[in-house]
Structures are given as structure tokens and as C-alpha cells.
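> Test case, fold it:
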Amino acid sequence: MKLLDIFALSGLINGLFVLGLGVFIISHNWRDKLNRLYFLIVIAISIWSFSYWLWLFSNDAVSALFWVRMLSIGSTLIPVFYFHWVVSILKIERRERNTRWLVYILGVLFILFSFSDLFISGVEPKLFFPFWPNPGILYHFYLFVLYICLIIYSSNLLIKSYKIAWGEDKKRLAYVIAGALLAFSGGLSNFFLWYNIPIAPYGNFLVAFYPLLFGYATIKYRLFNIKTIATELFAIAIWIFLFIKILLSTGSNDLLVNIFLFIVVVFFGILLIRSVFKEVRQKEQMEKMAEDVKKAYEAEKRAKERIDEARVKDEALLSSIGIENEKGEAIKNEASPLYQALSSGRKIVTGATGGSDSAESVSSTVSPAAAYYFARGDKTKFPAAVTVAPVVLNGKIIGAVAVFRDVTIERQIDRSKSEFVSLASHQLRTPLTAIKWYSDVLFKEKLSAKQKKCLNGIYDGNERMIKLIDVMLNVSRLEAGKIKINPSPTNVKKILEDIINEQKFTVKTKKQKFIFECPDDLPEISIDQNLVRLIFQNLISNAIKYTPDEGEILCKVEKKNNLFSFEVKDTGIGIPQNQQKRVFEKLFRADNAFSHTAEGNGLGLYAAKMTAESLGGKIWFESKAGKGTTFFVDLPVSPAAK
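Residues are numbered from 1 along each chain as shown. Alright, predicted model coming up:
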């Protein structure tokens, strides 16, 4: 192959490559202005490239002159569209509006004269090129004004912006500057022979870097993923190579083989591109989720800073110790912690954040999670954690010591934490739901035993994550007070039977004996079905989980006056005496629970306790390590309306 043919084919390859890349980018989002301007650059380069190819393959001076003049149209439009694209990506279109108009006017004028001798006077042999053009008088103005000066001015704008940019913008501008330097330097090598300087246009091969790096910058600016681009460019490059190979086939057999190979490669290339695009979309969803979680964390951090500032401002002596509830109503004497400590002789511990307080003996009428508010002298209120201890002398209660502590900061931090957990849990559900859906799809395919085992592992692990997130969401809603209680006629026996049936497989696998005792005449009651189910499900599943194989579980339910009593007893591992006070704390698991099974999160009993208290009931237990545990739940109920 002659050197002339290599230069000609470089024009064809540049044109096909650039056009394919331009179609790909404009197809992603043709409404975007940057993409449309980039496509105009691609059109201009394509006109220049294909005309370059046809010019060097011309057999006579007339054809060569025609294609050189067509080529000049493309070379005139390239710097024009490039300048417009630069001011758009730098967002300075308004500032450079007059310059843009001037550039477009000059471009149109030069194009109008491109087929006259004033622009290109003719063609003649130079070096190994049989028909190389000679410039007319207007061509000198085009080269200096529209090519050299405009490119320098555009590059200067880019460099100034690059110096003050940072992060992704700085990287994007670096690619634009590099592409301009390579491409326009390569294009400039074509002008030496125009002015009879005996240097061949070897830099012409660098022109392909112009759209490649500009396209990458455009894509990064609009947040497409470069992995997709790289895959598609790789596939397109192979397709172009095989297409050229078809054109250069020497016989019918060679032609058929090349066509068949081209079809196969195109088919598998499309499949590859689709799979990579799907992977990139999933990655972008995960990145968005991570960004949302990061924003939530920053919001929590800012809230804590504001809380710290407020704490300094609000430190003052209290002029009143009147106790109120959240509604501003005064707490009655018999319901106050002080009264309960004096009347019962027991220490009372309450907290405004709920669930994290000591489980020491607490009166049935005072909830550890109860919110008490003390009034300041300026009538503002603050939540307080209260500890009251009776003072006993000679076996008689002579008074009590009450200590209260402002827990405003703790409550606000706890609320921010709950909102953060809720947001993170919601965001995590999206990819987990996708994993479950794809697993269900794969189960329908023909799989080997090993593949099924692996898929079952994925499915089971995903289900555990979904259950954990559901628990986290329930806990965050309870803590935030967003759980609405909706009483409705409820068949408790039916709910318990459903829960037991759901656990039947586990019970059978562990060869456990499960006894369910429920009166046949147990009436329907008016209570929130979902909340009651949450309590029962946590207690029953725990009993089954922590009872060894061949153990026994008793589930008992009855109605006593206005109380609904539930009991679940097991012969499991029990709870160590020194850890029983912490059983209802969030994220707490006893030491023997960890050694028995790694599965568990320490949220079930915490959620059950909060739910029972939100319904106005109470929950407690009796346990001995190694012997078993019995959990009791009492809930106030009213008969279901008939």
C-alpha cells in the first residue's frame, strides 16, 4: 500500500470513527445543548475527513479541486463550532455573544468564497501528492483569523477557567485542552504544503483525538459513565475495522467470511454494550444512594452543632420545677415519679429518650419512656430524665431525693439519628429489592445443583437484610413517634395461628414441641393489628431461635377483664442474671445468645417493648440461664364494636 493510500484511508477512518461517536452521544440526549453543539463539530470533522479521503483518491485535477473545496467547508466550520462549544461548556455565552456573532459571520463569508479562486486557486503535484491545493488571497485571512487566532483565543479561555476550576470540572477541562492541542496541532500540519514547505501532513492522524477527548469531556460533564463509552468505542472501532476489511475483500469466499464475521461481532458487541450499560446504571443508583446518606449525615452533624450552641445559650437557673407532659398539661400527683417513689418505696428511673433507661423496678403507672417537661421562668419547657430514690430511716420512708437532667440534646440527636437510619434503610431497600427480583428470575432458569446452592445463599442473605431493614424502619418510626395507632376489630387467635404457621418449618427442622393454648371463646378485641403482630412475632421467633433442638415452647393467650394477656415460654438458653437489666436495650444481645447463633440484631425486643408501651401496655420476663425464659405481655383493650 502506498503512503498516499494510507493518508487517504486515515481520512475515511477518522470520518467513520467521529461520526459513530457523534451519533452515540447525540442519541443519549439530543435535547441537551452541549450535545447538539458537539454533534455540529462532529459533522464538520466528518465533512473534512470524507472529503480528504475522496480528494486523495481522485484521478484528475477537476475532481481533486472539487473535494478540496468541500474539505475547506469542513475546515472552516470546525473552529467556528469549536469556539461556540467552548463558551457553552464554560457558561460564558452571554459574555461572548458579540464574538460568537462575528465568528459565525466570518465563517459564512469564507464558505461562500470556498468554491472561488480567491479562496483556493488550484491544485498541483507536491511531494508524493499528485493534486495538492494552492491558497488564494482569502485563504491567508481564513488561516490567520479563523484558525490560528480563534483557536488561540478559545484555548486562552479554557486555560483561564482551568486555573480556577477544581474537582471534576478541572479534570474535564484538562481533557478539552489536551484534545484541542493534539487535534489542532495535527490539523496545522496540513498547511505546510499549501505554502510549499516540504513537510507531509503526518499530524493528520492526531485529528481523531479531537472528538474523542471532547466527547469524553461532554459525557463527564453530563455524568455519563466512561466505562460505557470505552466499551462502545471499542466495539465501534472493531466494527469499522471489519467493515473496511469487507471493502478490501479479494474474492467471493473472502467476502462471505468477512461479512459473516462482521455480523457475529456486531451481534456480540451489542450484547456487551447492553450488559455494561446495565451495570453502569446500577452503579449510578448505588452512588446516588451513597450521596443521599452522606447528605443525611452532614445534616445530622449540622444539627448537633446547632444543638451545642443552643445548649450554651440555654444554661440558666430554673425558677420553677413544675412538671408537665408534652401537651403542656400538669402531671397529677399520683402519676408523678416522686409520688410513685414515696408510695411504693422503690427507685423510679424515667427518661425522655425512651428505651435506653435502666430496667430497675419501676411502677406500673410510670413508664421509663415517659416524657416529663420542666418549666423555666420564661415559660419555656425542656424534657428531663428523672431519677427518684426514696429515703428510708428505721424502715420508714421519710422523704425522697429527686434528680432531673435536661435531655434536650439527647432527644434531638436521637431524632436526627432515627431520621438518618430511616433514610439509609429506605435507600437500601431499592438495591435489595432488585437483587430479590433478579434472584426470582434466575430460579426459573435451568441451573446446576452448585448454581442453585449459590443462588439460595444469595436469596437467603438478601431476605435477612430485608428483614433487618424492616426492623430498623419500624424502630425509627416508633422513636420518631410516626407510628399511628389504628384500632380495629382483631381476631388475636387468627394472628397467632398465622405467625405459628410461618415458623412451622423451623420448628419441624429443629424437632421442637410447640404448644398453643387459646380459649375457643376468645372474643375479638379493638386494637391495632399490625402493632400487635409485631410484638407477637418478635417474641415467638426469639423463643424458637434460642431454644435448642427437641426443646419445648408454650404460647398462651387469654383475656382478663380489660387486659389482654399473652405469654410465651421456652426451654431455651435463658438470660444470664447479670445481663437481664439490659434485655430491652437497643442493639443488646446477651453473651450466650451470640454463642448460640450469630443471627440476630438486638432490635426485636427493643421494638416489642416500645410497641407495647405505645399501646399503653407493658412487657416483662422471667428467666434463668440454661433453663429457659418466659415473656409476658399485658395490653389494655376494649371489646370490638359490633
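> model confidence over the helix ranked longest in the chain, on average?
Counting by DSSP state H, the longest helix found in the chain is helix 252-314. The average pLDDT within helix 252-314 is 76.
> pLDDT below threshold where in the stretch 101-250 of the chain?
167-168, 205-237, 239-241, 244, 247 (pLDDT under 70).
> for it, what spans make up the strands?
Using DSSP state E, counting those that start in this stretch, the strands found in the stretch 101-250 of the chain span residues 120-126, 129-135.
> Of those, which is nearest residue 387?
Ranking those by proximity to residue 387 (C-beta to C-beta) places strand 129-135 first, at 95.7 Å. Backbone N, C-alpha and C define where each C-beta goes, glycine included.
> so what does the strand ranked longest in the chain touch, helix or strand wise?
For the chain, the longest strand by residue count, based on DSSP state E, is strand 381-393. Contacts defined by 3 or more C-beta pairs under 8 Å, 6 or more residues apart in numbering; DSSP states H and E place strand 381-393 against helix 337-344, strand 348-349, strand 372-375, strand 396-406, helix 408-443.
> strands paired with it, and their directions?
strand 348-349 (antiparallel), strand 372-375 (antiparallel), strand 396-406 (antiparallel) (DSSP bridges).
> Give the full set of residues in contact with residue 82.
41, 151, 154, 180 (C-beta atoms under 8 Å, 6 or more residues apart in numbering).
> circling back: buried ones in the longest strand of the chain?
For strand 381-393, the neighbour count (16 or more other C-beta atoms under 10 Å) marks 381, 382, 383, 384, 385, 386, 387, 388, 390 as buried.
> How far away from the center of its chain is the strand or helix carrying residue 88?
Per DSSP states H and E, residue 88 falls inside helix 61-89. The chain centroid and the centroid of helix 61-89 are separated by 44 Å under C-alpha atoms, centre = their mean, to the nearest Å.
> quick one, it and strand 120-126 angle?
110 degrees (axes from the mean of the first three to the mean of the last three C-alpha atoms, to 10 degrees).
> picking up where we left off before, can you list the helices and strands that the longest helix of the chain packs against?
Helix 252-314 packs on helix 226-247, helix 408-443, going by 3+ C-beta pairs under 8 Å, 6+ apart.
> now the strands of the stretch 101-250 of the chain as TSV including mean neighbour count and distance to residue 396?
TSV is the format used below for those (neighbours: other C-beta atoms under 10 Å; distance: least, C-beta to C-beta, whole Å):
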stretch	mean neighbour count	distance to residue 396
strand 120-126	16	118
strand 129-135	19	117
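> Quick one: closest of the ones you listed to residue 410.
strand 129-135 (81.2 Å).
> Can you tell me which of the strands paired with strand 381-393 is packed in deepest?
Highest mean neighbour count of the strands paired with strand 381-393: strand 348-349, a mean of 23 (counted as mean count of other C-beta atoms under 10 Å).
> What's the mean pLDDT across stretch 568-587?
Mean pLDDT, stretch 568-587: 87.
> what's the offset of that stretch from the middle of its chain?
The answer for stretch 568-587 is 38 Å, by C-alpha atoms, centre = their mean.
> what's the first-to-last distance across it?
22 Å (C-alpha to C-alpha, to the nearest Å).
> in that stretch, what's buried?
Using 16+ other C-beta under 10 Å as the test for burial, stretch 568-587 gives 568-575, 579-580, 583-586.
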